[in-house]
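Chemist: this one's structure only:
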């Protein structure tokens, strides 16, 4: 969890960055900062760790141009802000940082757009090897929830809260905080973690008591999952040695949701180690389920076909399993939603579909 | 809260609808159903109750055409499904109902699109005067949260849960269930209810302890609020006699968010009594705040200007206050976000802006 040590480490790393500028000035060098090049060509899928990582190429931000000097000035101001924020045990959102820069005394240091401040925070994450969460920068929304036999302790700024994610919460479940590293896992009876794309399906599983019957922790992904949701999923896997399975709609956009849980994204390759769970497995809806369970479908749109074809090229989906499923879907020309299982009755998903699929996968 | 009596009442009303068809058949009449006409011309803003209501015009759905007969057949099947669902204390989503119809024995009764099933449920709400929630139809998402000095009891299908919305929850707060009528308010120290549009601002208020310092209950609206969020806001106002204030961005879309909390929407005029809180008041960001607090702004887009102009015609905004503010904004040609207050420092909103505004309004 996020401790005083983490805060101090984050401060230290940030101050080191500023100290480098100082040393460069002192040595008569033009100040500069090296960061990994963040273009697609410098991001590779590491076959061993099964996540995206940066290659060896770096770019240099140097004060040898006005534009470059301004970037380093902004970095220095942002570092000062973050160090103060950590010292005061405060936090802020990315958007607040953007607006806050208007209060800085040097107008040249102020951000012109939120893209610029967001980008700078990502650069600082990469160079300092400290995550945004450990800078105490919050996203605008976290939003996802947990329901299942897990007892945890959350360190809030109002003291510790011990919460059982079935017994101490309403039907809405336990709301994951922005920084899930404030959570300690105390005790659990979880056999596996089930990440679910849609709210409708999450509610179905909870109403049918699937979490109780199968000792599973239901993690609501809410579409493309927030960093907090991916982080806690990874921690559940790593720290509690729990299998993680992902249950989404049966279309290419949902396979990408699975991909971001399992392998991370190109955009945040520097965070793969922190967020990705390469051992996470896909339950469905599989294209073959459309046939096997005779599900109601919609035809593939052109954009679906394009997305499927680009997944065939995506290193994350270079397995026999995915090639077969995606090619089958291109043949079928159909897609199906999770909730299409309701065409076989409201209990079909919990009485038949998931038990069958999870047994086949060896999870049950 | 939703009790066995509510369930029985809902069943009774639904069965009465079906019984009407039966009586019509028995009397040799062509079966039919009268519902208020749901066009804009038949929806009026009731000046006295300050909410949208239907006018006197009704439309008749009659089995005197194949199309009309099919509609009534679908209604009959849906009624049977809902009555069974209530008998079994189950619930389902609108999307599940759409898919579930594929399992019905009569193909003519199956829905062709989710629009069709959604529309039917709205018709049944209007005719039976029972809300969708009391049919146990869930939305896809509820999502909003509460944080503040409120102790409540939620009736879940796993038993009762007593939860204090500060002491028993993490920083994420208490997740409002899909049907907030399963909640009883037990005890509270709330002086006023503060509904907040964005997650970033909600987190700022909680981090700064605004709910503790001012005894306020922070309700996160998450943009355009879900029915569950509007319902619980209304109940807090009506049952606990609490003032409700709404805090949003300073643009026409956000004034609509305020409008939907306070006055309801044209689309759901039949629900105004259940969802709208006409006494809710607007804190800001007011156009005049942009000037007074010298906030960072964005220029109005054409779509913003059009939306402001249409609000000048909207009966919900026909007050001196709103006319003045909207005309001021059209003059300024600017809009500002809640989080723009951070340009004055992270504590400005809780130390200065909200205390000043709430004092002016007489809430503090």
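Modeler: Received the coordinates, thanks. Remember, predicted model here, so these are calculated numbers, not experimental data.
Chemist: please make it C-alpha for all contacts and neighbour counts, starting now.
Modeler: OK.
Chemist: residue of the stretch 1-150 of chain A nearest chain B, please.
Modeler: Closest to chain B within the stretch 1-150 of chain A is residue A:100: 4.2 Å, counting by Cα to the nearest Cα.
Chemist: what's the closest non-adjacent residue to the residue positioned nearest the centre of chain A?
Modeler: Centroid-nearest residue in chain A: residue A:227, 3.2 Å away (criterion: Cα atoms, centre = their mean). Closest residue to residue A:227 apart from its sequence neighbours, by Cα to Cα, 6 or more residues apart in numbering or on different chains: residue A:275 at 7.0 Å.
Chemist: circling back to that earlier point, against chain B, how distant is the residue nearest to the centre of chain A?
Modeler: Residue A:227 sits 15 Å away from chain B, going by Cα to the nearest Cα, to the nearest Å.
Chemist: what about the stretch 51-200 of chain A, any weak spots by pLDDT?
Modeler: Residues of the stretch 51-200 of chain A that meet the criterion pLDDT under 70 lie in A:141-143.
Chemist: please, where are all the strands along it?
Modeler: Using DSSP state E, counting those that start in this stretch, the strands found in the stretch 51-200 of chain A span residues A:51-54, A:58-62, A:92-93, A:137-138, A:145-147, A:150-156, A:159-164, A:174-175, A:183-188, A:192-196.
Chemist: I'd like the ones you listed as TSV, with mean neighbour count and distance to residue B:145 appended.
Modeler: Shown next, in TSV, are these (neighbours: other Cα atoms under 10 Å in any protein chain shown; distance: least, Cα to Cα, whole Å):
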stretch	mean neighbour count	distance to residue B:145
strand A:51-54	24	34
strand A:58-62	14	42
strand A:92-93	22	18
strand A:137-138	23	17
strand A:145-147	25	11
strand A:150-156	19	16
strand A:159-164	17	17
strand A:174-175	24	9
strand A:183-188	16	19
strand A:192-196	25	20
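Chemist: could I get those in JSON lines, plus columns for distance to residue A:341?
Modeler: Shown next, in JSON lines, are the strands of the stretch 51-200 of chain A (distance: least, Cα to Cα, whole Å):
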{"stretch": "strand A:51-54", "distance to residue A:341": "32"}
{"stretch": "strand A:58-62", "distance to residue A:341": "49"}
{"stretch": "strand A:92-93", "distance to residue A:341": "39"}
{"stretch": "strand A:137-138", "distance to residue A:341": "36"}
{"stretch": "strand A:145-147", "distance to residue A:341": "21"}
{"stretch": "strand A:150-156", "distance to residue A:341": "28"}
{"stretch": "strand A:159-164", "distance to residue A:341": "30"}
{"stretch": "strand A:174-175", "distance to residue A:341": "26"}
{"stretch": "strand A:183-188", "distance to residue A:341": "30"}
{"stretch": "strand A:192-196", "distance to residue A:341": "14"}
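Chemist: and those strands as CSV, adding distance to chain B?
Modeler: Output for the strands of the stretch 51-200 of chain A, formatted as CSV (distance: least, Cα to the nearest Cα, whole Å):
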stretch, distance to chain B
strand A:51-54, 29
strand A:58-62, 27
strand A:92-93, 6
strand A:137-138, 8
strand A:145-147, 9
strand A:150-156, 6
strand A:159-164, 6
strand A:174-175, 5
strand A:183-188, 10
strand A:192-196, 13
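Chemist: and of those, who's closest to residue B:284?
Modeler: For the strands of the stretch 51-200 of chain A, proximity to residue B:284 was assessed by Cα to Cα; strand A:92-93 is nearest, at 20.1 Å.
Chemist: and the stretch 151-300 of chain A, which residues reach chain B?
Modeler: Neighbours of chain B within the stretch 151-300 of chain A, by Cα under 8 Å from any Cα of the partner chain: A:154, A:156-157, A:161, A:163, A:167-178, A:198-200, A:204, A:207, A:296.
Chemist: of these, buried ones?
Modeler: The neighbour-count criterion (16 or more other Cα atoms under 10 Å in any protein chain shown) marks A:154, A:156, A:161, A:163, A:167-178, A:198-200, A:204, A:207, A:296 among these as buried.
Chemist: helices of chain A, start to end?
Modeler: Using DSSP state H, the helices found in chain A span residues A:4-26, A:66-87, A:94-100, A:114-128, A:199-207, A:210-213, A:227-240, A:252-262, A:272-275, A:287-292, A:302-313, A:320-332, A:348, A:354-360.
Chemist: so which of those is nearest residue B:271?
Modeler: Residue B:271 lies closest, by Cα to Cα, to one member of the helices of chain A: helix A:199-207, at 22.4 Å.
Chemist: show me how chain A divides into domains.
Modeler: As given by the TED database, the domain ranges for chain A are A:1-138, A:145-361.
Chemist: quick one: which of these is nearest residue B:46?
Modeler: Checking the domains of chain A against residue B:46 by Cα to Cα gives domain A:145-361 as the closest, at 34.8 Å.
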